[in-house]
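Participant: could you look at this predicted model? Sequence included:
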Amino acid sequence: MTNNNKKSRIIQEMRETMAGLHRSGIITKKSMDEFQALQNLDVAPMTPTRIKRLRTKSRLSQAVFALTINTSLSTIQKWEAGDKSPSGPSLKLLSLIERKGLEVVL
C-alpha cells in the first residue's frame with residue numbers, strides 16, 4: 001500500500017468517525033462544519049494568466065498589487081511572466097483573493 005492510499009484511508013476513517021460523533025450528538029454542528037472546512041485547505045497552483053487576470057480584475061498596477069499583498073514588484077513580474085510561481089503563504093493569499101476578492105486584505 002502506498003503512502004497516498006494510507007493517507008486517504010486515514011482521512012476517510014476520520015470523516016466517518018466525525019460523522020458518527022455528530023449523529024450521536026457528541027459534537028456540535030459548528031464543530032462538524034469546522035472539521036469539513038479544514039478538509040478544503042489545499043490550493044491549486046496558479047498560472048501566470050490567472051495571476052494577471054486576478055490583478056487586472058482588481059484594476060491594480062503590478063506595483064500597487066505588490067504593495068497590497070506585501071511582496072516586491074519584481075516578484076509580481078516574475079509570476080506573471082511564468083519565471084517564478086507563488087507557493088506557500090503567497091499562493092494561499094492569491095487563492096483567497098481570487099475566491100473572496102481583494103477586500104479580504106484591505
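Facilitator: Now that the structure is in, tell me what you want to look at.
Participant: so residue 46 touches residue 87, yeah?
Facilitator: No. Using C-beta atoms under 8 Å, residue 46 makes no contact with residue 87, being 9.6 Å away. Yep, even glycine has a C-beta here, placed from its N, CA and C like the rest.
Participant: so these two - more neighbours on which side?
Facilitator: Remark: of residue 46 and residue 87, residue 46 carries more neighbours, 19 against 11, as counted by other C-beta atoms under 10 Å.
Participant: secondary structure element holding the more buried one?
Facilitator: Per DSSP states H and E: residue 46 is located in neither a helix nor a strand.
Participant: any idea of the mean pLDDT in stretch 25-45?
Facilitator: On average, the pLDDT along stretch 25-45 is 86.
Participant: now do the buried residues in it.
Facilitator: Neighbour counts using 16 or more other C-beta atoms under 10 Å place 27, 35, 43 of stretch 25-45 among the buried residues.
Participant: equivalent analysis for stretch 8-21, please.
Facilitator: For stretch 8-21, the neighbour count (16+ other C-beta under 10 Å) marks residue 18 as buried.
Participant: please apply the same query to stretch 76-87.
Facilitator: For stretch 76-87, by 16+ other C-beta under 10 Å, it's 76, 79, 80, 86.
Participant: and residue 86, how far from residue 22?
Facilitator: Taking C-beta to C-beta, to the nearest Å as the measure, residue 86 falls 36 Å from residue 22.
Participant: now the residue of the chain most remote from its centre: phi and psi?
Facilitator: Using C-alpha atoms, centre = their mean, the residue of the chain lying farthest from its centre is residue 24. It sits 31.9 Å away. Backbone torsions for residue 24, taken as degrees, to the nearest 10, come to phi -80, psi 0.
Participant: could you do residue 58 as well?
Facilitator: Backbone dihedrals for residue 58, given as degrees, to the nearest 10, come out at phi -80, psi -10.
Participant: and residue 90, how many neighbours?
Facilitator: Residue 90: 16 surrounding residues under other C-beta under 10 Å.
Participant: would you check that it makes contact with residue 71?
Facilitator: Yes. Counting by C-beta under 8 Å, residue 90 does reach residue 71; the two are 6.6 Å apart.
Participant: rewinding a little: ok, now which ones touch the residue farthest from the centre of the chain?
Facilitator: Not one residue lies near residue 24 by C-beta atoms under 8 Å, 6 or more residues apart in numbering.
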